[in-house]
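Engineer: Curious how this folds, go ahead:
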Amino acid sequence: MMTKLPSVPLANTDCLYIDGKWVPPHSSALIDVVDSTSELVYYSVPDADVDDIDRAIAAARQAFDEGPWPRLSHAERAQVLLDIADAVEARIDDIVEIWPRETGILASSVPGVMREVIDAYRYYAGLAKSFPFQEEVTPTNGARFGMIVKEPVGVVGAIIPWNAPMGLIAFKVAPALLAGCTVVIKSSPEAPGAGYIMAEIADQLGIPAGVLNVVTADRAASERLVSDPRVDKISFTGSTEVGKRIGSILGGRIARSSLELGGKSPAIVLDDFDIAEAAHTIASAECFLSGQICASLTRIIVSEERHGEMVKALADEFDRVVIGDPYDPQVTLGPLASDRQRDRVENYIEIGIREGATLAYGGGRPSHLDRGWFVEPTVFGNVSETSRIAQEEIFGPVLAVTPARDLTDAVRIANATEFGLNAAVFTHDSKKVFDIARRLHSGTVGQNGNRVDFGIGFGGFKRSGIGREGGVAGLQAYLENKTVVLDAPPE
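Structural biologist: A predicted model of the protein is given here:
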C-alpha cells in the first residue's frame with residue numbers, strides 16, 4: 001500500500017478560474033481532496049464562498065450579454081470544441097493520475113472512458129454543420145414567411161458530481177458552448193481535479209473571458225448559483241434529493257433545468273438466458289467505478305425457479321474479484337470515493353440484513369486492507385420488492401436479487417420504484433426485448449447488459465430526472481426556439 005502520494009499534475013490549485021483569469025478566492029477556507037486508497041490528503045483547493053460564486057456569475061453574464069462568444073458563428077465555436085478535444089487528449093495521463101485517487105476508478109479504465117469524453121467534444125463540433133439552427137416554416141396566420149431560430153438559453157450553471165466528472169463536464173459544456181451559452185462549472189468537493197483541468201485548458205486556448213468559469217464549493221455556496229436570476233439554466237447531475245431542492249428553487253423563478261438524478265435500475269433475466277453468462281456481465285459491470293454509477297443494474301429480477309442459481313452465480317463472480325489499489329493491474333475493484341460513501345454503503349448492507357434479505361456474499365470490509373475506503377462486493381438474495389435495498393439508491397457494489405412468478409410479475413417489479421433511469425432484459429430474442437422495453441418505465445432499456453449511450457441520449461423517467469444529456473437532445477437543452485414571422489424572406 002502506498003504511503004506517499006505523487007505531486008498533483010495541476011498548476012493553480014490555490015486559485016479559482018473566473019473571467020478568464022486565475023484569481024485568489026474571497027475566503028481562506030480550503031477543501032482537502034483525500035486519496036481514496038491511502039486516506040492521505042492528495043491536494044487542497046479553495047472552498048468558494050457566496051462572493052466567489054457571485055463573481056463567476058457576473059463574469060458569465062457579462063460574457064453572454066456583451067462578449068463575442070454568442071455572436072460567433074457555430075462553425076467558429078465548433079473549432080474551439082475541436083481544440084478542447086485535442087487539449088483533453090493531451091491531458092489523459094494527468095487524468096489517470098488524479099481520477100482514481102479521487103473516486104476509486106481503476107486506472108486501467110480511465111483511457112477508455114476518456115475516449116468517449118474526447119469524442120463528445122468532436123461530436124458536438126460536428127453538429128455545427130448538420131443541426132438546423134434556423135428552419136423555414138409556413139406561417140398559419142396569413143403571413144408570407146416564417147422561421148424558427150434556435151438561440152442560446154444564456155448563462156448556464158453546470159453542477160458536476162464526483163463520480164465521473166470529465167465525462168459529465170463534456171456532456172454539459174460541449175453542447176452549451178456550441179449553442180453560444182456561457183458557463184459556470186461548479187465542481188464537487190470530492191473530485192475537483194477535472195474542473196481544474198478544464199480551467200487550465202480554457203486558459204491555454206484563450207477562450208474569451210467569462211465564457212468558462214470554474215469554482216469548487218460545497219452545498220451552501222452552490223445554492224447561490226441555483227437561486228441567482230442572472231443564471232438562465234442549471235444543468236445538474238446528482239442525487240434525487242438534491243435535484244428536488246434545485247428543482248424547487250428553479251421553479252420559483254421559472255428558470256430552465258436539466259436534472260439527471262438517481263436510479264435503481266433493474267435487470268430482468270429471462271429463462272432462455274444462461275445464468276452464468278448473465279451473472280458475469282452484471283457482476284463485472286458492477287465493479288466499474290466500484291458501483292458508483294447511477295445507471296448500474298443493481299436489481300436483478302429472475303424467475304422463482306432460478307433465483308437460487310442466480311444468487312450463487314453472482315456470489316461466485318464476486319468471489320473472483322480482486323480488491324485493492326486501483327493502480328495495481330491485477331486489481332478489479334477499487335475503493336469507494338470517500339469515508340462518507342463507504343459509511344452509506346455499509347449502512348445499507350446492515351439495513352438489508354435487518355430487513356430479512358439473504359446475505360449471500362460480501363457485506364464487510366476486506367480483511368487484508370487496513371486503509372482506504374474499501375467495501376466488499378455484496379450480493380443479497382430473497383430481496384422483497386418493497387424493501388429499502390430494493391427501493392433506494394445505494395451507489396456502491398451491492399446487488400439485490402428478487403424472484404418473480406412470471407414475466408408479467410417481473411415487469412411489474414421492475415417498474416415498482418420511484419426511479420426510471422436504466423433497465424436491461426437478458427434474452428437472445430430481440431423482439432421480446434423490444435416488446436418488454438415498451439412496458440418498462442425507463443429512459444434506457446438495453447439487451448443483455450447496461451446499454452446506456454450518451455451518444456444517443458441519456459436521462460430518466462419519474463424521479464430519475466428531467467431532460468436528456470448527449471445526442472441531439474443534449475444540444476436542444478441549451479437552445480430556445482424563437483419564432484420569427486416576416487412579410488418576406490430575409491435576404
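
Engineer: what about the helix or strand where Ile197 lies, distance to the chain center?
Structural biologist: For Ile197, the enclosing helix or strand under DSSP states H and E is helix 193-205. On the basis of C-alpha atoms, centre = their mean, to the nearest Å, helix 193-205 sits 19 Å off its chain's mean C-alpha point.

Engineer: For it, buried residues please.
Structural biologist: 193-203 (16 or more other C-beta atoms under 10 Å). From N, CA and C alone the C-beta is placed, and that goes for glycine too.

Engineer: quick one: the strands in the stretch 151-300 of the chain?
Structural biologist: Counting by DSSP state E, counting those that start in this stretch, the stretch 151-300 of the chain has strands at residues 155-159, 182-187, 212-216, 233-237, 256-260, 265-269, 297-303.

Engineer: okay, these, which one's buried deepest?
Structural biologist: strand 212-216 (a mean of 30; mean count of other C-beta atoms under 10 Å).

Engineer: helices or strands up against that one?
Structural biologist: Packing contacts for strand 212-216, counted by 3 or more C-beta pairs under 8 Å, 6 or more residues apart in numbering; DSSP states H and E, involve strand 16-18, helix 50-65, strand 182-187, helix 193-205.

Engineer: Show me what the mean pLDDT comes to for the longest one.
Structural biologist: Helix 50-65 shows an average pLDDT of 98 in the prediction.

Engineer: CA atoms only for the following helix or strand past that helix - export them in PDB, please.
Structural biologist: Downstream of helix 50-65, the first helix or strand assigned by DSSP H and E is helix 74-90. The C-alpha trace of helix 74-90 is given here as PDB (Å, rounded to 0.1, in the frame of the first residue of the first chain):
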ATOM      1  CA  HIS A  74     -21.500  28.000 -34.900                       C
ATOM      2  CA  ALA A  75     -18.500  26.900 -37.100                       C
ATOM      3  CA  GLU A  76     -16.200  29.200 -35.100                       C
ATOM      4  CA  ARG A  77     -17.400  27.800 -31.800                       C
ATOM      5  CA  ALA A  78     -17.100  24.300 -33.200                       C
ATOM      6  CA  GLN A  79     -13.400  24.900 -33.900                       C
ATOM      7  CA  VAL A  80     -13.000  25.800 -30.200                       C
ATOM      8  CA  LEU A  81     -14.600  22.400 -29.200                       C
ATOM      9  CA  LEU A  82     -12.200  20.600 -31.500                       C
ATOM     10  CA  ASP A  83      -9.300  22.400 -29.800                       C
ATOM     11  CA  ILE A  84     -10.700  21.400 -26.400                       C
ATOM     12  CA  ALA A  85     -10.900  17.800 -27.600                       C
ATOM     13  CA  ASP A  86      -7.200  17.900 -28.600                       C
ATOM     14  CA  ALA A  87      -6.200  19.500 -25.300                       C
ATOM     15  CA  VAL A  88      -8.200  17.000 -23.200                       C
ATOM     16  CA  GLU A  89      -6.500  14.200 -25.200                       C
ATOM     17  CA  ALA A  90      -3.100  15.600 -24.300                       C
END
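
Engineer: Can you list the buried residues in helix 74-90?
Structural biologist: In helix 74-90, counting by 16+ other C-beta under 10 Å, buried: 74, 77-78, 80-81, 83-85, 87-88.

Engineer: which among those residues gets closest to Val485?
Structural biologist: Within these, the smallest distance to Val485 is 23.3 Å, found for His74 (C-beta to C-beta).

Engineer: just checking, that closest one touches Ala125?
Structural biologist: No. The criterion here is C-beta atoms under 8 Å, and His74 misses it with Ala125 at 9.4 Å.

Engineer: list residues touching both of the two?
Structural biologist: Counting by C-beta atoms under 8 Å, 6 or more residues apart in numbering, the shared contacts of His74 and Ala125 are Leu178.

Engineer: now the helices: where do they sit in the stretch 201-350 of the chain?
Structural biologist: Taking DSSP state H, counting those that start in this stretch as the criterion, the stretch 201-350 of the chain carries its helices at 219-227, 240-252, 275-287, 307-319, 339-354.

Engineer: Having no further points to raise, I will conclude here.
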